[in-house]
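> what's the 3D shape of this:
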Amino acid sequence: MQKPSPLIDPFNRTISYLRVSVTDRCDFRCVYCMSEKMQFLPKKDLLTLEELDKVCSVFIDMGIRKIRVTGGEPLVRRNILSFFQAISRHLISGKLSELTLTTNGSQLTKFAQPLVDLGMQRVNISLDTLNSEKFKRITRWGRLDQVLKGIKAAKSAGLRIKINTVALRKTNEEELHKFVQWCGDEGFDLTFIEVMPMGDFGSEDRLDQYWSLKDLRSELTKKWSLEDLDISTGGPARYVRVRETQQKIGFITPLTHNFCESCNRVRLTCTGQLFMCLGQEEDADLRSALRTNSENDELLRNRIRNAVDRKPKGHDFDYSRQKILGQMPRYMSHTGG
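Presented below is the predicted three-dimensional model:
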């Protein structure tokens, strides 16, 4: 069988990275991610675990080398370990170079070791504060001690850990240096992320939450010596090394300095929509292709290739004029973080 040609978009970017949301459900209700009284999708709208495995396998056959599993909180989906077991065959064959996970950490005491046993080597853990009361305010439903136990379990299992921290003005500003010190002491890399205009949250004011990473980095230099690194991990972060701790710190800046020129990824939602850009609404329906002809992959392959041919140059997020421009009506938990 002839090897399929690689997925290349109109701007000559090779698409080698797939982010897959396996559920829109989560055991937290973070203020920048979803409303407190979320209406979750009906089960029939979600791709089954078998369908997720099939579409991921087709993507891998078309040149995807890295898959990141997201949500919602991916580890709350029932029987999710069977999906990881299925996908791990591509790690064994060498067709997939990396299978990773973004999680809030709440379920890692249960899942860290099984994931390592299946070939996972690293995880990203979302954590925006080391203060228990703040953690409860940000997540609404979460418990910091549960997450810290999960992080400890992941470290003990041998997973490399990167902490993802959303920069929230008037919320975690004063913890900035504490985060750097804690991650340095624990041996974790750290990435700061600008809050993005995804979803309608009613009373939550995005402009009030927004903290430019340009300002955050300036604050960091008051205590730490930062050395710019010319490295790429296949993601959107720009990295520095902290001389005092030798850890890497990444900055994901979709608003102040977007990462579109090097975008190598597409996003599959838990309902089978393929979004070519996080900050654009155009999508492709892969679920109907999966369910129209489950025995033949050709329709699915054609739909994927046609979607990549429509991948835009970039997104339009903008807070600069004191109003939110380029806001996406869909929630991050649906698209996948």
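
> residue contacts, the residue nearest to residue 36 when sequence neighbours are not counted?
The spatially closest residue to residue 36, leaving aside those adjacent along the chain, is residue 29, at 5.0 Å (C-beta to C-beta, 6 or more residues apart in numbering). All C-beta atoms are positioned from the backbone trio N, CA, C, and that covers glycine. Residues near residue 29 by C-beta atoms under 8 Å, 6 or more residues apart in numbering: 35-36, 38, 139-141.

> only whichever of the residues you listed are buried, select them in PyMOL.
To isolate the buried members of those in PyMOL, using 16 or more other C-beta atoms under 10 Å:
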select buried, resi 35+38+139
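
> out of the contacts of residue 29, list just those in helices.
Members of the contacts of residue 29 lying in helices (criterion: DSSP state H): residue 139.

> between the contacts of residue 29, which sits nearest residue 179?
residue 139 (16.4 Å; C-beta to C-beta).

> rewinding a little: distance of the residue nearest to residue 36 relative to residue 137?
Computed as C-beta to C-beta, to the nearest Å, the residue 29 to residue 137 distance reads 11 Å.

> hang on, the earlier thing: could you measure from the residue nearest to residue 36 over to residue 108?
Note on residue 29: its distance to residue 108, by C-beta to C-beta, is 19 Å.

> same check on residue 127?
Taking C-beta to C-beta, one finds residue 127 at 12 Å from residue 108.

> shared neighbours, these two?
Joint contacts of residue 127 and residue 108 (C-beta under 8 Å, 6+ apart) are residue 151.

> remind me, longest strand of this protein?
strand 160-167 (DSSP state E).

> how about residues contacting that strand?
The set of residues external to strand 160-167 that reach it, using C-beta under 8 Å, 6+ apart, is 32, 102, 121-128, 151, 154-155, 172, 179, 183, 186-195, 211-213, 216, 250.

> and the helices in the stretch 1-150 of the chain?
49-61, 80-93, 108-117, 132-139, 144-157 (DSSP state H, counting those that start in this stretch).

> ok, residues contacting the third one?
When contacts are taken as C-beta under 8 Å, 6+ apart, the neighbours of helix 108-117 outside the stretch itself are 75, 81, 84, 101, 123, 125, 146, 149-151, 153-154, 156-159.

> make a PyMOL selection of the buried ones in those residues.
Under the burial definition 16+ other C-beta under 10 Å, those of these that qualify are selected in PyMOL by:
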select buried, resi 75+81+84+101+123+125+146+150+151+153+154+157+159
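
> which one of the contacts of helix 108-117 is nearest to residue 133?
Nearest member of those to residue 133, counting by C-beta to C-beta, is residue 146, at 15.0 Å.

> so how far is residue 163 from the spatially closest residue to that closest one that is not a sequence neighbour?
Spatial nearest neighbour of residue 146, excluding adjacent residues (C-beta to C-beta, 6+ apart): residue 106 at 5.4 Å. Distance, residue 106 to residue 163, using C-beta to C-beta: 15 Å.

> go on, residue 144?
Taking C-beta to C-beta, one finds residue 144 at 13 Å from residue 163.

> ditto for residue 12
34 Å.

> residue 227 reaches residue 246, doesn't it?
No: between residue 227 and residue 246 there is no contact under C-beta atoms under 8 Å: 10.1 Å.

> and the contacts of stretch 231-249?
So stretch 231-249 is in contact with 16-17, 66, 180-181, 183-185, 187-192, 217, 220, 224-229, 250-254, 257, 259, 262-264, going by C-beta under 8 Å, 6+ apart.

> quick one: mean pLDDT over that stretch.
Averaged over stretch 231-249, pLDDT sits at 87.

> kindly report the same for stretch 265-279.
Average pLDDT, stretch 265-279: 93.

> and that stretch, C-alpha only, in PDB?
C-alpha atoms of stretch 265-279 as PDB (Å, rounded to 0.1, in the frame of the first residue of the first chain):
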ATOM      1  CA  ARG A 265      -1.600  21.100  14.800                       C
ATOM      2  CA  VAL A 266      -5.300  20.600  14.400                       C
ATOM      3  CA  ARG A 267      -7.900  19.900  17.100                       C
ATOM      4  CA  LEU A 268     -10.500  17.100  17.200                       C
ATOM      5  CA  THR A 269     -13.400  17.700  19.600                       C
ATOM      6  CA  CYS A 270     -15.200  15.000  21.600                       C
ATOM      7  CA  THR A 271     -18.100  15.300  19.100                       C
ATOM      8  CA  GLY A 272     -15.900  14.600  16.000                       C
ATOM      9  CA  GLN A 273     -15.500  18.200  14.800                       C
ATOM     10  CA  LEU A 274     -12.100  19.000  13.400                       C
ATOM     11  CA  PHE A 275     -11.000  22.600  14.100                       C
ATOM     12  CA  MET A 276      -8.100  23.700  12.000                       C
ATOM     13  CA  CYS A 277      -7.500  26.700  14.300                       C
ATOM     14  CA  LEU A 278      -8.400  27.300  18.000                       C
ATOM     15  CA  GLY A 279      -9.400  30.800  17.300                       C
END
